[in-house]
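>>> next come a sequence and a model predicted from it.
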Amino acid sequence: MKIKFDKYQGTGNDFIIVNGIAQPQVLKLTSDEVKGLCDRHYGIGADGLMILTEDLNSDFLMTYYNADGHESTMCGNGGRCLSAFAYEQGVCQTEAEFNAVDGLHKVRITEDHIIELQMKDVSQISRDDDAFILDTGSPHYVTFVDDYHEIDIVAFGKSIRYSNQYSLEGINVNVASLINDRLHVKTYERGVEDETYSCGTGVTASAIAASLYYPALAGESEVKIISKGGDLKVRFRKESDDLFTQVWLCGPATKVYSGMITL
């Protein structure tokens with residue numbers, strides 16, 4: 001089976017994207033095949049793979065697979081990259097709506113190619129000692145430290161993700177520090193089982209938790225993020241300490257290259 005694919009990245013979070021409308025055969029990809037395509041030594045290499053297909057209630061449907069080959073929950077940077085891909089393919093306009101595993105998402109593509117993605121409303125924020133636990137389309141553990149550079153995010157992330165409390169379902173782990181009015185975030189992603197250069201749902205979770213943790217951000221409706229792969233912004237409306245609406249993840253999404261691969 002031959003597959004035409006595009007490689008996209010959003011602040012270093014990289015994805016293989018295939019058009020399932022033009023190539024319906026990709027809907028039969030097995031988890032082992034997806035894992036092989038995402039392998040950085042023997043495949044194309046990516047943090048995940050996405051398939052774009054038709055949807056009756058929106059411009060398109062997003063199906064997302066982690067690098068381990070398993071279909072997963074919402075990916076924020078993936079959604080931004082898929083929207084850029086859909087626009088390039090002529091599937092949508094600069095303002096669109098797509099369906100994902102966690103429901104409908106609005107998207108806006110600005111003149112300077114910034115992709116603004118509306119995330120799900122966030123509620124039921126809980127605590128695990130000093131950490132915040134919240135779902136931004138995927139479950140996240142967020143903790144704040146004075147200097148995030150000192151944290152080995154892979155070792156720390158694994159200790160949380162594989163703990164008795166979280167090992168069954170898994171959880172993404174974020175460590176963040178507020179430095180000069182910018183929130184610096186490191187993320188360990190389940191399914192990738194490693195640090196990623198950026199995680200859209202992770203920086204969204206970190207921004208919301210930071211507005212509850214840092215007094216300097218208590219009245220803010222926008223948090224500027226610095227991730228390993230680049231800069232992002234998260235906007236939101238705080239209804240209460242347990243409810244955030246109008247949550248938008250904003251940042252660049254760039255095509256890296258196109259290719260053809262034979263399985």
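Yep, it's here.

>>> got a list of what the residue nearest to residue 75 when sequence neighbours are not counted touches?
With sequence-adjacent residues excluded and distances taken as CB to CB, 6 or more residues apart in numbering, residue 75 is closest to residue 64, at 5.0 Å. Heads up, the C-betas are built off the backbone N, CA and C, glycines and all. By CB atoms under 8 Å, 6 or more residues apart in numbering, the contact list for residue 64 reads 48-50, 71-75, 78, 100-101.

>>> okay, and which of those residues map to helices?
Residues of the contacts of residue 64 located in helices (DSSP state H): residue 78.

>>> in the sheet, who's paired with the residue nearest to residue 75?
Partner residues in beta bridges with residue 64, using DSSP bridges, are residue 50.

>>> same check, this time on residue 10
Applying DSSP bridges to residue 10 gives these bridge partners: residue 13.

>>> so in that sheet, which strands flank the lowest-mean-pLDDT helix or strand in the chain, and in what orientation?
Among the helical and strand segments of the chain, the one scoring lowest on mean pLDDT, DSSP states H and E is strand 122-123, with a mean of 95. Within its sheet, and counting by DSSP bridges, strand 122-123 is paired with strand 243-252 (antiparallel).

>>> could you dump the strand it pairs with to PDB, C-alpha only?
What follows is strand 243-252 as a C-alpha-only set of coordinates in PDB (Å, rounded to 0.1, in the frame of the first residue of the first chain):
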ATOM      1  CA  LEU A 243     -14.900  26.600  35.100                       C
ATOM      2  CA  PHE A 244     -13.000  28.100  32.100                       C
ATOM      3  CA  THR A 245     -14.800  28.800  28.800                       C
ATOM      4  CA  GLN A 246     -13.800  30.300  25.500                       C
ATOM      5  CA  VAL A 247     -10.400  28.600  25.700                       C
ATOM      6  CA  TRP A 248      -8.200  29.200  22.700                       C
ATOM      7  CA  LEU A 249      -4.800  27.800  21.800                       C
ATOM      8  CA  CYS A 250      -2.900  30.100  19.400                       C
ATOM      9  CA  GLY A 251       0.400  29.600  17.600                       C
ATOM     10  CA  PRO A 252       2.100  28.700  14.400                       C
END
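
>>> what mean pLDDT does that strand get?
With pLDDT averaged residue by residue, strand 243-252 scores 98.

>>> just stretch 105-115 next, same as before
The predicted model assigns stretch 105-115 a mean pLDDT of 94.

>>> export it as PDB, just CAs?
Included here for stretch 105-115 are C-alpha records, laid out as PDB according to Å, rounded to 0.1, in the frame of the first residue of the first chain:
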ATOM      1  CA  HIS A 105     -13.700  22.700  17.600                       C
ATOM      2  CA  LYS A 106     -13.700  26.100  15.900                       C
ATOM      3  CA  VAL A 107     -10.500  27.200  14.200                       C
ATOM      4  CA  ARG A 108      -9.300  30.500  12.700                       C
ATOM      5  CA  ILE A 109      -6.300  30.900  10.400                       C
ATOM      6  CA  THR A 110      -4.900  34.400  10.500                       C
ATOM      7  CA  GLU A 111      -3.100  36.400   7.700                       C
ATOM      8  CA  ASP A 112       0.200  35.700   9.400                       C
ATOM      9  CA  HIS A 113      -0.500  31.900   9.500                       C
ATOM     10  CA  ILE A 114      -1.200  31.700  13.200                       C
ATOM     11  CA  ILE A 115      -3.700  28.900  13.800                       C
END
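
>>> many thanks, I have nothing further to ask.
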